[in-house]
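# attaching a predicted model along with its sequence, questions to come.
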Amino acid sequence: MTAPPRILLTGCNGQVGWELARTLPTLGQVVATDSQSLNLADGEAIHRVVAEVRPQIIVNAAAHTAVDKAESERHRARAVNAIAPGLLAEAATRHGAVLVHYSTDYVFDGSGSALWREEDPSAPLNVYGASKLEGEHAIRERCRRHLIFRTSWVYGLRGANFLLTMRRLMGERPELKIVDDQIGAPTWCRHLAEATAQVLAQVASAARGADKPEPWGVYHMTNAGEPSWHGFATAIQELDTTARLPDGSPARLLPIPSQDYPTPARRPLNSRLDNGKLERVFGIRLPHWRDALSLCLDK
């Protein structure tokens, strides 16, 4: 009988990492690390920890995700989002491990209205997207057995994200201006973690058989559907009855164009990702974003 794999998880205190730390133990022994126990800006630490754990699977859920701060923290963003994934890829190859990594819709420029496919040309608009794209390239060059999951608009009940920001502001301000011309897919971090575990269960299973092609590469992984940020905020207000002003009334949500809400980092207008490859290869399709939001808020 084959022993369950050892899984090294980075970023265990982040939104996705926290869910993975509770989902991955169904597959094997998880060694979870955070920024204190594994500083991804320290290349020697990466190689040392991987050598100590000797994992069969590495799941990198750590990232510099502060999109606007990345504009002024270019070196930090690149260290964590670009250089560290390359070092993890080298370590994974050295120890014969599979590497799982998360990337972003921000590798695209957001032009047009079609769903972005994995093979479409990338042209990030900001430092964050550029650093994540560089990380993708480093992984592809240094580790054959990799799975890169591009996702978008990740939220949950922990950390800093659009859902928690909206819930707070809806209780403080009678009127909120929300961007309505950026379109994407809000994605619940728990569904990301669960889908990742489902993929890894298939990868580790001998039942895949020799007749199936190797699954390594880039996949888009988001909840289904494509609202704007304003549409997402409207759903939060409708589904969360606690997101109200002190007098019990709802805040007024005003749709505005991106040009009326300038930020240090440019955002793509079209963040629609095509999840067809994930479904074709692994038979996995994440639920609709509104259903996911309802489940999240019920927790």
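Here it is on my side, so go on.
# contact partners for the most far-flung residue of the chain relative to its centre?
Most distant from the centre of the chain: Asp247, at 36.3 Å, with distances by Cα atoms, centre = their mean. Listed by Cβ atoms under 8 Å, 6 or more residues apart in numbering, the contact set of Asp247 is empty. Bear in mind the C-beta positions are built from the backbone N, C-alpha and C, glycine included.
# let's see the pLDDT reported for it.
On pLDDT, Asp247 comes in at 91.
# what of Arg208?
45.
# now do the strands in the chain.
Ranges of strands in the chain, per DSSP state E, are 6-10, 29-32, 57-60, 98-104, 146-151, 154-155, 175-179, 187-188, 217-220, 252-256.
# tell me which of those strands sits nearest to Ala195.
strand 146-151 (8.0 Å; Cβ to Cβ).
# and the closest one, what does it pack against?
With contacts taken as 3 or more Cβ pairs under 8 Å, 6 or more residues apart in numbering; DSSP states H and E, strand 146-151 sits against strand 98-104, helix 127-142, helix 189-204, strand 217-220.
# which of the ones you listed has the highest mean neighbour count?
Neighbour counts (mean count of other Cβ atoms under 10 Å) averaged over each of the helices and strands packed on strand 146-151 peak at strand 98-104, with a mean of 26.
# can I get the helices and strands packed on strand 146-151 in CSV with mean pLDDT and distance to Val67?
Below are the helices and strands packed on strand 146-151 laid out as CSV (pLDDT from 0 to 100; distance: least, Cβ to Cβ, whole Å):
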stretch, mean pLDDT, distance to Val67
strand 98-104, 96, 9
helix 127-142, 96, 5
helix 189-204, 94, 17
strand 217-220, 97, 19
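# figure out which of those is closest to Leu40.
helix 127-142 (10.6 Å).
# which residues are in contact with the closest one?
By Cβ under 8 Å, 6+ apart, the list of residues contacting helix 127-142 reads 63-67, 70-71, 74, 77-78, 80-86, 88-90, 93, 99, 101, 103-104, 106-108, 122, 124, 146, 148, 218, 265.
# can you rerun that using 7 Å?
67, 70-71, 74, 77-78, 81-82, 85-86, 89-90, 93, 99, 101, 103-104, 106-107, 122, 124, 146, 148, 218, 265 (Cβ atoms under 7 Å, 6 or more residues apart in numbering).
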